[in-house]
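K.L.:
fold the stuff below for me.
(2 chains)
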Amino acid sequence: MANDTQRFQAIIAHCKEYGFIFPSSEIYDGLSAVYDYGQWGSELKKNIKDYWWKSMTQLHENIVGIDAAIFMHPTVWKASGHVDNFSDPMIDNLDSKKRYRVDHLIEAKAEELESAGDAAASKTLLDKMDELLAANDYEALRELIIANNIKCTVSGTSKWTSVRQFNLMFSTQLGSVTDEASEIYLRPETAQGIFVNFLNVQKSGRMKIPFGIAQIGKAFRNEIVARQFIFRMREFEQMEMQFFVRPGTQKEWYEKWKETRMNWHLSLGIPKEDYQFKPHVKLAFYADAACDIEYKFPIGFKEVEGIHSRTDYDLKQHQEFSRKKMQYFDSETNQNYIPYVIETSIGLDRMFLLIVSHAYTEEDLSTAEKPDSRVVLRFPAKLAPLKLAIFPLTKKDGLPELARELMNECMPAFRCFYEEKDAIGKRYRRQDAIGTPFCVTIDHQTKEDGTVTIRHRDTMKQERVAMGDIKAMVQKEIS
RNA sequence: GCGAAAGUAGCUCAUUUGGUAGAGCACGACCUUGCCAAGGUCGGGGUGGCCGGUUCGAGCCCGGUCUUUCGCUCCA
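P.N.:
The predicted structure is shown next:
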């Protein structure tokens, strides 16, 4: 565990040192739990995004993508349940420093009363709580807790702070004139952008069930603690797909998407044993089945993707709140119905961390003569920020000119990097540290027969090939 | 948000008890070598996280603040 923590720290340091991830606004001391992607990080992130987008849309005839706005009508979040379910009043005990959700605390007391045989008192308490919660009367809620002699289970005291509200969603003002009616939220999930466009896409695209709508975009959540590097951030990016199916078929589709999504992960060459499915024991109010795909991060097995069978909950809610029929006419069965939904939702930032965690390797290359080591990022070639580095062995004798020729040929096809400084070994190691899969060196022999050496990142092996073949070779490896 | 610890050059760290900061690596220029890091010469770079206090004098003591790490609390 200590080793894993060290490894995680090393990865974070490496990400900063080599231009992958910087703390946000660092010159102003940073902003808690917000990070910026640097020159190579943004390339890697984009490559992950492209790979997901392509495999979800281009490779499925019946899945299309959208790009909905982050700002949405406030009623969306009433319909989705976010306004009511995720603004929980909290209270802290001053002695134990424990924090409780007010409703949990009072419900526990009610259960205690109930099992003590005083069902009437229990009911009175719960009714009173519901009344006060509905009225947002925090002062009275605190008094209720104190009046009922509710104690902290840890400290055993009833020294409570005032009741405070925890809001999951960030709010802001739409329009330049501030008034209450203009308050809107930054979306806490991208899914609702898909649900509110269900009819638009279905009708304009003449989509037939089963079909899916995919989306990549930012979402924002006011987590209580946001920590563990980019694993949990207040601003993050999701890659989601909502798949609309005929009611009653959701179980099969749920299984199908579990398998499809796991295969996507494995297609990147990441070992199967580093993944596991974790079924949700306690289902959310809208789901009839749900599981996470967890990856063995250096901080333990953690969720990277969720697959949820969301039933017709969301569309039904939007039908109710918007008074627009969210129905689909199925010409096969000659029936109208609200489709059921299977959701696949992967955190892009978590996927980034997954790829880096998998790739980061410290190697001991010591020999009897001298100690030696290297840090290498073994990215899948198709995700690597840089695909090819081109080095003239020396910066004279016409070698840079030849190297530039190869640069000009390859640059339009994929990201290349040119360098003529320092010893060749040092240049190789620098590319290892940012995960470039291939390095080509132009040497004196190139001038005679037009061949170069291509060096492979993982094995450090070299082979001599015609310079004219390099572009095709690399392209084959990264596609 | 609470508790504990930490914050000195881009990175890793020194700086005996308060007397106005140093090394290695990295970086830049030049020379040399030329297929797997750490050759030579010269050079740039720090208002010691930030603000305030004590003191003749503070990186070192005190207070506050910000950030990070660890442990709690929360996570549809």
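K.L.:
show me where the stretch 351-479 of chain A has strands.
P.N.:
Per DSSP state E, counting those that start in this stretch, the stretch 351-479 of chain A carries strands over the ranges A:360-364, A:373-377, A:388-392, A:416-418, A:438-442, A:451-456, A:462-466.
K.L.:
dump those strands to TSV, plus mean neighbour count, mean pLDDT and distance to A:Met326.
P.N.:
Where you see a C-beta, it was placed from the backbone N, CA and C, and this is true even at glycine. Converted to TSV, the strands of the stretch 351-479 of chain A look like this (neighbours: other Cβ atoms under 10 Å; pLDDT from 0 to 100; distance: least, Cβ to Cβ, whole Å):
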stretch	mean neighbour count	mean pLDDT	distance to A:Met326
strand A:360-364	13	89	46
strand A:373-377	18	90	46
strand A:388-392	26	94	50
strand A:416-418	19	93	49
strand A:438-442	24	95	51
strand A:451-456	20	95	53
strand A:462-466	13	94	58
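K.L.:
quick one: closest of these to A:Glu43.
P.N.:
Closest approach to A:Glu43 among the strands of the stretch 351-479 of chain A is made by strand A:416-418 (11.0 Å; Cβ to Cβ).
K.L.:
from the contact counts, what lies against that closest one?
P.N.:
strand A:388-392, helix A:399-410 (3 or more Cβ pairs under 8 Å, 6 or more residues apart in numbering; DSSP states H and E).
K.L.:
related to what we said a few turns ago, make TSV from the strands of the stretch 351-479 of chain A and add distance to A:Ser479 to it.
P.N.:
As requested, those are exported to TSV (distance: least, Cβ to Cβ, whole Å):
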stretch	distance to A:Ser479
strand A:360-364	24
strand A:373-377	20
strand A:388-392	14
strand A:416-418	16
strand A:438-442	14
strand A:451-456	17
strand A:462-466	18
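K.L.:
could you export those as TSV, including distance to RNA strand B?
P.N.:
Below are these laid out as TSV (distance: least, Cβ to the nearest atom of the strand, whole Å):
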stretch	distance to RNA strand B
strand A:360-364	9
strand A:373-377	5
strand A:388-392	8
strand A:416-418	13
strand A:438-442	4
strand A:451-456	4
strand A:462-466	5
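K.L.:
out of these, which comes closest to A:Asn197?
P.N.:
Among the strands of the stretch 351-479 of chain A, strand A:373-377 sits nearest to A:Asn197 (Cβ to Cβ), with 38.0 Å.
K.L.:
helices and strands around that closest one, which ones?
P.N.:
Packing partners of strand A:373-377 (3+ Cβ pairs under 8 Å, 6+ apart): strand A:360-364, helix A:424-434.
K.L.:
contacts for it next, please.
P.N.:
Strand A:373-377 has contacts (Cβ atoms under 8 Å, 6 or more residues apart in numbering) with A:14, A:356, A:359-366, A:384, A:429, A:432-435, A:457-458.
K.L.:
change it to 7 Å
P.N.:
The contact list for strand A:373-377, computed with Cβ atoms under 7 Å, 6 or more residues apart in numbering, reads A:14, A:359-365, A:429, A:432-435, A:457.
K.L.:
the bottom helix or strand of chain A by mean pLDDT?
P.N.:
Across the helices and strands of chain A, mean pLDDT, DSSP states H and E gives its lowest value to strand A:164-165, namely a mean of 69.
K.L.:
skipping its backbone neighbours, what lies nearest A:Leu315 in space?
P.N.:
Closest residue to A:Leu315 apart from its sequence neighbours, by Cβ to Cβ, 6 or more residues apart in numbering: A:Met326 at 4.2 Å.
K.L.:
the one you found contacts A:Phe198, correct?
P.N.:
Yes: A:Met326 is within contact range of A:Phe198, at 6.4 Å (criterion: Cβ atoms under 7 Å).
K.L.:
now for these two: what residues contact both?
P.N.:
Applying Cβ under 7 Å, 6+ apart, one finds that A:Met326 and A:Phe198 are jointly contacted by A:Leu315.
K.L.:
let's see the pLDDT reported for the residue nearest the centre of chain A.
P.N.:
Geometric centre of chain A, nearest residue: A:Gly347, 1.4 Å, by Cα atoms, centre = their mean. pLDDT recorded at A:Gly347 is 93.
K.L.:
now A:Glu420: how far from RNA strand B?
P.N.:
To RNA strand B, A:Glu420 is 8 Å away according to Cβ to the nearest atom of the strand, to the nearest Å.
K.L.:
tell me, how many residues neighbour the residue nearest to that residue when sequence neighbours are not counted?
P.N.:
Distances taken as Cβ to Cβ, 6+ apart put A:Lys395 closest to A:Glu420, at 4.4 Å, once the chain neighbours are dropped. Applying other Cβ atoms under 10 Å, we find 11 residues neighbouring A:Lys395.
K.L.:
A:Lys395 against A:Asp422, yeah?
P.N.:
No: at 10.3 Å, A:Lys395 does not count as touching A:Asp422 under the criterion of Cβ under 7 Å.
K.L.:
how about A:Lys49, phi and psi?
P.N.:
phi -60, psi -50 (degrees, to the nearest 10).
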